[in-house]
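A.B. asks: I need the structure of the sequence given here:
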Amino acid sequence: MPDIPDECWSRVKERLRAELGEAIYTSWFARMELESQDLETARISVPTRFLKSWIQSHYSEKLLACWQAERATVRRIDLSVRSAATRTPPPCAAAPAEAPAEKHDQARCRSDIKALASPGSAIHDSHGGSPLDPRLTFDAFVVGRSNTLAHAAAKQVAMGRRADPVMFNPLFIHAGVGLGKTHLLQAIALKTNAGGERTALYLTAERFMFGFASALRSQTALAFKDALRGIEVLVIDDLQFLQGKNSQAEFSHTLNSLLDGGRQVVVAADRPPTELESLDERMRSRLAGGLAVEIGALDEELRLEILSSRVRAARVHHPGFTVPDPVLAYISRSVTHNGRDLEGALNRLLAHSKLTSHPITMELAERELRDLVRPLELKRVRIEDIQRIVARHYNVSRSDLLSSRRTANVVRPRQIAMYLAKTLTLRSLPEIGRRFGGRDHTTVLHAVRKIEGLIGKDNALAAEIETLKSQLQE
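C.D. replies: Next up is the predicted model:
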């Protein structure tokens, strides 16, 4: 007997809720509606373009996987924005049916701008800021050797009072993916707004760009700027994603205005300020002028503490959920990449427990989590480290590598350094070129191809490059 579409959709939503957690589900999926479904396509609608864009960018594969788990023939998710005509507008925003979409956008943008200046948590409730997960508090943050300083600095900022001098401004927290940056930033916003004395606004870089672009379209840019600069604690996450000349210029003006006015700014990114090559030098310098602190990799002891903490939190909503200690030890020992993988591992076990009612065993964990078990993560390599080690190895100076000199004893080390920068870092060719004396990306591409060709022919060179890679990973 074929599935009834509504029943299938209900099971898909339950899978999403179990695998992603209640807070993420509520923030991004609660307002989804199933429009129609055929053999290969599920058509789903959401109320706003921003929600559609966010789900497509961050959760499209997860959404499709949950559908396929319930109905294997589904190959495509068609996500659309519900027409304003199909929704009942709120009483305060009623508009004639024939009003153009642009007027609705203007009204929504003005509402967002007004919300930005509202006190406390109303900022986020009115969609001015990015969604806050109420679980991401300081109490829920597990402290270990790798994050002690970042946690202490973040808590100091959140506990500040209106009349207190600003100690760390800006506070810049940087770390790899899934090590706790977002948790600390959201904890700052939650704690500050809960205190009632200061207002905090938490924005991802993507949300900042979206808000600024919307304000430009609706001709409310001045109000947007004034509202942002009236915030007492501005928290910006994932700054490495800030793109576009206009958005970067506006962020720079906002940053300078807040810092000069003694307002608190907290920023997080996946690299230190000096390595944010897409930002101009003055902004990088301003960001580095406060306190820049790194969150290091999670050691096994901290991973086990995080897992135990998450199991206790899960039991609040799922009292029967238990994970034997040997399974927790196995996960902490084997899932080494980052905290999000740990969270994903537990969510996967929770979903299995809820959907099948089978107990969690070691065999189950080994089978269900095998794709999360990765080799130890290699040390994050910086371009500065590559330049330093290559220069030392070939007895040239770092300034030689960045210069325009074309002598043979400089050209080959420079090409090797560019090759290593492309293969050992996530930097783009234009970024690498800028870090090597402002060279064009085609120069970097030529160097990479040159060294790749030589490695296949020259065993001595291949051995040298492996030696350099080993030194960079020590």
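A.B. asks: how many residues are close by residue 418?
C.D. replies: 29 (other Cβ atoms under 10 Å). No exception for glycine: its C-beta is placed from N, CA and C like everyone else's.
A.B. asks: ugh, wrong one, residue 181
C.D. replies: 23.
A.B. asks: check contacts around it.
C.D. replies: If a contact means Cβ atoms under 8 Å, 6 or more residues apart in numbering, then residue 181 has 173-175, 237, 268-269, 295 as its contacts.
A.B. asks: can you list those in a markdown table and add distance to residue 188 and secondary structure?
C.D. replies: Formatted as a markdown table, the contacts of residue 181 follow (distance: Cβ to Cβ, whole Å; DSSP: H, G, I helix; E, B strand; the rest coil):
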| residue | distance to residue 188 | secondary structure |
| --- | --- | --- |
| 173 | 10 | strand |
| 174 | 15 | strand |
| 175 | 15 | coil |
| 237 | 10 | strand |
| 268 | 10 | strand |
| 269 | 15 | strand |
| 295 | 14 | coil |
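A.B. asks: and those, which is closest to residue 385?
C.D. replies: Using Cβ to Cβ, residue 174 comes nearest to residue 385 of the contacts of residue 181, at 15.8 Å.
A.B. asks: before we move on, back to that, which one of the contacts of residue 181 is nearest residue 420?
C.D. replies: Closest to residue 420, out of all of these and judged by Cβ to Cβ, is residue 174, at 21.9 Å.
A.B. asks: that closest one pairs with what?
C.D. replies: residue 269, residue 294 (DSSP bridges).
A.B. asks: look up how far residue 302 lies from it.
C.D. replies: Relative to residue 302, residue 174 is positioned 18 Å away (Cβ to Cβ, to the nearest Å).
A.B. asks: more crowded one of the two?
C.D. replies: Neighbour count, other Cβ under 10 Å: between residue 174 and residue 302, residue 174 has more, with 23 against 20.
A.B. asks: pull the contacting residues for that one.
C.D. replies: 181, 268-273, 292-295.
A.B. asks: list only those of these flagged as buried.
C.D. replies: 181, 268-273, 292-295 (16 or more other Cβ atoms under 10 Å).
A.B. asks: can you pull the pLDDT of residue 394?
C.D. replies: Looking at residue 394, its pLDDT is 90.
A.B. asks: over to residue 220?
C.D. replies: pLDDT for residue 220: 69.
A.B. asks: with the one 3 residues further on instead?
C.D. replies: At residue 223 the predicted local distance difference test score is 71.
A.B. asks: about what we covered before: would you turn the contacts of residue 174 into a markdown table with distance to residue 460 and pLDDT?
C.D. replies: Below are these laid out as a markdown table (distance: Cβ to Cβ, whole Å; pLDDT from 0 to 100):
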| residue | distance to residue 460 | pLDDT |
| --- | --- | --- |
| 181 | 43 | 91 |
| 268 | 44 | 92 |
| 269 | 40 | 91 |
| 270 | 36 | 85 |
| 271 | 34 | 85 |
| 272 | 35 | 88 |
| 273 | 39 | 88 |
| 292 | 41 | 91 |
| 293 | 42 | 91 |
| 294 | 37 | 89 |
| 295 | 40 | 89 |
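A.B. asks: could you identify the most distant pair in those?
C.D. replies: 273 and 295 (14.9 Å).
A.B. asks: check which element follows the helix or strand containing residue 26 along the chain.
C.D. replies: For residue 26, the element it lies in under DSSP states H and E is helix 22-28. Later in the chain than helix 22-28, the nearest helix or strand by DSSP H and E is strand 33-37.
A.B. asks: what distance do you get for the residue nearest to residue 36 when sequence neighbours are not counted to residue 275?
C.D. replies: Of all residues not flanking residue 36 in the chain, residue 43 sits nearest, at 4.7 Å (Cβ to Cβ, 6 or more residues apart in numbering). Between residue 43 and residue 275 the distance is 43 Å, computed by Cβ to Cβ.
A.B. asks: of these two, which one has the most company?
C.D. replies: Just comparing residue 43 and residue 275: by other Cβ under 10 Å the higher neighbour count belongs to residue 275, 19 against 15.
A.B. asks: roughly how far apart are the spatially closest residue to residue 317 that is not a sequence neighbour and residue 346?
C.D. replies: Excluding its sequence neighbours, the residue lying closest to residue 317 (Cβ to Cβ, 6+ apart) is residue 22, at 6.6 Å. Per Cβ to Cβ, residue 22 is found 14 Å from residue 346.
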